[in-house]
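Peer 1: Show me the folded form of this:
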Amino acid sequence: MEPCWNSSKNKDLAMTNLKHLFEPVTIGPLRLKNRIIMPALTTLYEFEGGTRYADFYAERARGGVSMIIINLQALYPGRAGVSGAVPDESASERGPVKINHDAYIPRLKGWTRAIQENGAKVAAQLAVYGFWARGGYGAPAEEVSPSGIRLEGEDFRPSLEKLTVIRGGRPLLADEIKLIQEEVADAAQRAVKAGFDAIELQALGGNLLSRFLSPLTNQRSDAYGGSLENRARMLIETIAAIKRRVGDFPLICRNNGDDLMPGGMGPSDYQELAPLLADAGVHALNLMPGWYETRRPVNQMNVPQGAFVYAAEALKQVVDIPVAANIRINDPVMADRILADKKADIIAMCSALMADPFLPEKARQGRPEDIRKCVACCNCWSDLAGRRIPIGCSVNARMGMEKAYTLVPADRPKTIWVIGGGPGGMEAARIAAKRGHRVVLFDNRDRLGGQLLYADLPPHKGEWKNFVAYLSTQLEKLGVDVRLNKSVRVSDVQAGKPDAVVVATGARSLIPPIPGVDGDNVVTCVEVLTGKKQTGQQVIIIGGGSVGCETAEFLTDRGKTVTIVEMQAEIAPDVDFWNRWVLMDRLTAANISLLTNARADAITPEGIELCADNTSRFVPADTIVLAAGAVAHDSLLKKLQAVFDNIHPVGDCSKPRKVRQAVESGYKIGMEI
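Peer 2: Numbers count the residues shown, from 1 in each chain. Below you'll find the predicted structure:
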């Protein structure tokens with residue numbers, strides 16, 4: 001589907017006061033102060049105990065969002081392999097976020113207070129996953145499903161062309177369906193006791209209730225299968241059970257709006273479902289297209305902004321209750337236009353508020369240039385689903401560290417020199433200046449950005465420009481003395497006598513020791529991306545990491561025939577979990593040749609000599625592009641460390657890594673000096 005966003009409208013609307021975004025809206029008896037909500041997500045902060053989870057949400061509440069939704073496990077025990085002993089005191093202080101026992105209510109009250117006292121409403125999302133313990137606490141978990149069907153995975157995501165269903169997950173009996181519905185109703189009652197302002201029932205993503213809705217996974221022949229009305233019976237009866245317990249308490253239903261699954265439900269099916277939900281007493285619908293198994297990209301940078309607003313627009317045509325649009329909406333101007341065009345009533349922002357918790361307040365005050373936009377790098381989702389660690393943010397080092405990374409004014413303002421204008425150096429300069437230091441930033445280029453000046457050049461990477469623009473604007477506002485086209489020497493530091501020096505000189509391309517690497521037909525990926533060097537028609541890229549793959553896409557878009565040569569067993573091993581399958585799909589679709597376990601032994605004017613699987617072969621090419629990695633540009637760092645104290649390396653000059661690590665190191669140094 002085409003995104004709803006029309007960039008030609010952006011300029012016109014940018015001069016308005018975003019009046020639609022900051023109008024109140026009601027969800028049943030609940031009034032929200034504006035139309036920005038934060039949908040539920042999993043952070044893994046809760047497993048650590050302490051106040052990190054509450055601090056994370058309290059910061060977003062202070063930032064001006066009208067309502068925050070917390071994901072809570074509603075069933076016993078909610079995940080495979082967990083048996084449910086009655087939680088002891090320590091279990092109620094850390095671990096999975098649950099609402100399936102009264103023992104969790106004190107913990108939940110702490111979270112609701114943290115959000116409400118900072119200005120936002122809070123809703124409890126009752127999550128109904130595919131694991132359940134019929135006997136409640138003390139009973140082993142079972143995998144359950146409507147029909148004993150689950151989807152076969154492939155590289156986390158199944159192939160839509162080869163999608164198969166396999167038997168898995170015991171089919172639920174009719175009496176068990178009733179038991180589950182009552183457990184969810186119990187959870188709703190606990191939500192009221194815990195002080196939540198609203199309840200959201202989760203029926204999306206391939207979890208249990210959405211598997212009842214979908215004809216792909218619901219092949220029952222009883223009253224809970226067959227027609228859409230029957231497949232929706234499990235959900236409708238669960239809503240009725242909730243309302244019997246809590247009355248007309250504000251109730252939201254979160255569903256997909258579009259499963260993005262072959263054989264699943266599309267927008268027209270959800271248009272048929274939505275009136276059933278409204279008639280059952282749901283006060284609002286909150287959409288998040290796609291199941292976990294969806295092969296189509298949803299969150300990634302190559303997805304157009306506003307790409308899934310069509311799902312909300314479709315439901316607004318058939319119901320009068322508020323409908324929330326979600327995913328790839330990180331700009332308040334875009335959000336206001338969506339509301340103005342009546343394509344949605346509410347905007348749900350998740351990663352946008354992770355990147356900048358104060359986005360709503362900055363937008364309300366007319367300060368769009370101060371918003372640190374999410375760049376859709378998906379590092380956060382890779383943390384959660386791939387690395388299985390508490391989520392972090394590439395552009396916001398403070399996310400999840402709200403208390404530990406609190407800035408305090410410097411005891412004594414110092415003169416700080418920052419050498420290097422990449423993301424790490426710019427962040428160090430920003431934080432040091434915010435604390436009251438006098439900061440001078442030097443860069444030998446004619447503009448700021450460092451490696452991000454190249455990172456945003458390949459296809460689907462353009463949103464990195466937003467982060468460079470944000471940092472540049474903040475440095476200007478903070479009065480940082482930026483000196484471009486200036487290379488700093490040790491003698492300059494000796495003459496200038498700064499109190500501290502931050503070295504952020506970044507990294508440089510690694511030139512591998514291959515015979516012929518200095519030939520006229522050899523160029524680096526940076527030279528190609530910046531247009532300093534041109535390639536012939538037949539191109540071989542040495543190095544199949546992220547940079548090599550992105551350069552391959554860049555050249556393919558320009559009509560070149562490209563082969564990637566990688567020494568390791570797989571392509572793009574350094575690409576984050578959430579992005580890798582998307583990248584691999586694009587490389588396949590572009591007919592880019594991929595040679596793994598292959599070593600370049602020599603480069604000639606006609607091509608390269610390879611050794612692959614212990615066999616030598618010659619591959620002809622017009623141009624060889626080097627993308628063999630990077631090495632720290634640390635010569636100045638070493639010279640300064642030999643002469644001065646108070647030298648602080650930041651980012652790639654100590655070890656080439658990703659933007660997230662550069663930004664975090666810059667934040668920490670700026671905070672500590």
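Peer 1: Chain neighbours aside, what residue packs nearest to the residue nearest the centre of the chain?
Peer 2: With distances taken as Cα atoms, centre = their mean, the chain has Cys378 as the residue nearest its mean C-alpha position (3.7 Å). With sequence-adjacent residues excluded and distances taken as Cβ to Cβ, 6 or more residues apart in numbering, Cys378 is closest to Trp578, at 4.1 Å. Where C-beta positions appear, they are placed from N, C-alpha and C, glycine not excepted.
Peer 1: mind listing what's buried in the helix or strand that neighbour falls within?
Peer 2: Under the assignment given by DSSP states H and E, the secondary-structure element containing Trp578 is helix 577-589. Judged by neighbour count using 16 or more other Cβ atoms under 10 Å, the buried positions of helix 577-589 are Phe577, Trp578, Asn579, Arg580, Trp581, Val582, Leu583, Met584, Asp585, Arg586, Leu587.
Peer 1: if we can go back for a sec, looks like the residue nearest to the centre of the chain contacts Gln300 (just checking).
Peer 2: Yes - contact status for Cys378 versus Gln300: in contact at 5.6 Å, counting by Cβ atoms under 8 Å.
Peer 1: where do the contact lists of these two overlap?
Peer 2: Taking Cβ atoms under 8 Å, 6 or more residues apart in numbering as the contact rule, the neighbours common to Cys378 and Gln300 are Trp578, Asn579.
Peer 1: what phi and what psi does the backbone show at the residue nearest to the centre of the chain?
Peer 2: Reported as degrees, to the nearest 10, the phi and psi values for Cys378 are phi 70, psi 20.
Peer 1: can you check Val650 too?
Peer 2: Backbone geometry at Val650, expressed as degrees, to the nearest 10, gives phi -140, psi 140.
Peer 1: count of residues packed around it?
Peer 2: Burial of Val650, expressed as a neighbour count using other Cβ atoms under 10 Å, amounts to 33.
Peer 1: before we move on, what about Asn330?
Peer 2: The local packing of Asn330 (other Cβ under 10 Å) involves 25 other residues.
Peer 1: I'd like to know how far the residue nearest to it when sequence neighbours are not counted sits from Gly263.
Peer 2: Closest residue to Asn330 apart from its sequence neighbours, by Cβ to Cβ, 6+ apart: Ala352 at 4.1 Å. Per Cβ to Cβ, to the nearest Å, Ala352 is found 32 Å from Gly263.
Peer 1: who has more neighbours, these two?
Peer 2: Neighbour count, other Cβ under 10 Å: between Ala352 and Gly263, Ala352 has more, with 25 against 11.
Peer 1: Could you pull up the residues touching that one?
Peer 2: Contacts were defined as Cβ under 8 Å, 6+ apart; by that measure Ala352 touches Ile329, Asn330, Leu359, Lys373, Cys374.
Peer 1: do the same with Ala397
Peer 2: Contact analysis of Ala397 by Cβ under 8 Å, 6+ apart lists Tyr405, Glu427, Arg660, Val663, Glu664, Gly666, Tyr667, Lys668.
Peer 1: helix, strand or coil for it?
Peer 2: coil (DSSP: H, G, I helix; E, B strand; the rest coil).
Peer 1: ok so Val482 is a strand residue?
Peer 2: Yes - when classified by three-state DSSP, Val482 is found to be part of a strand.
Peer 1: for it, what are its contacts?
Peer 2: By Cβ under 8 Å, 6+ apart, the contact list for Val482 reads Gly421, Leu441, Asp443, Leu448, Leu475, Glu476.
Peer 1: Narrow these to those in strands?
Peer 2: The subset of these located in strands under the criterion DSSP state E comprises Leu441.
Peer 1: Beyond whatever helix or strand the residue nearest to Asn330 lives in, next helix or strand please.
Peer 2: Assigned by DSSP H and E, Ala352 belongs to helix 351-355. If you walk from helix 351-355 toward the C-terminus, the next helix or strand you reach (DSSP H and E) is helix 359-364.
Peer 1: which residues are contacting the helix or strand just after that next one?
Peer 2: Towards the C-terminus, the helix or strand next in line after helix 359-364, according to DSSP H and E, is helix 379-381. Residues outside helix 379-381 that contact it (Cβ under 8 Å, 6+ apart) are Asn299, Ser351, Met354, Ile391, Gly392, Cys393, Ser394, Asp576, Phe577, Trp578, Lys658, Arg660.
Peer 1: Right, I'll call it a day here.
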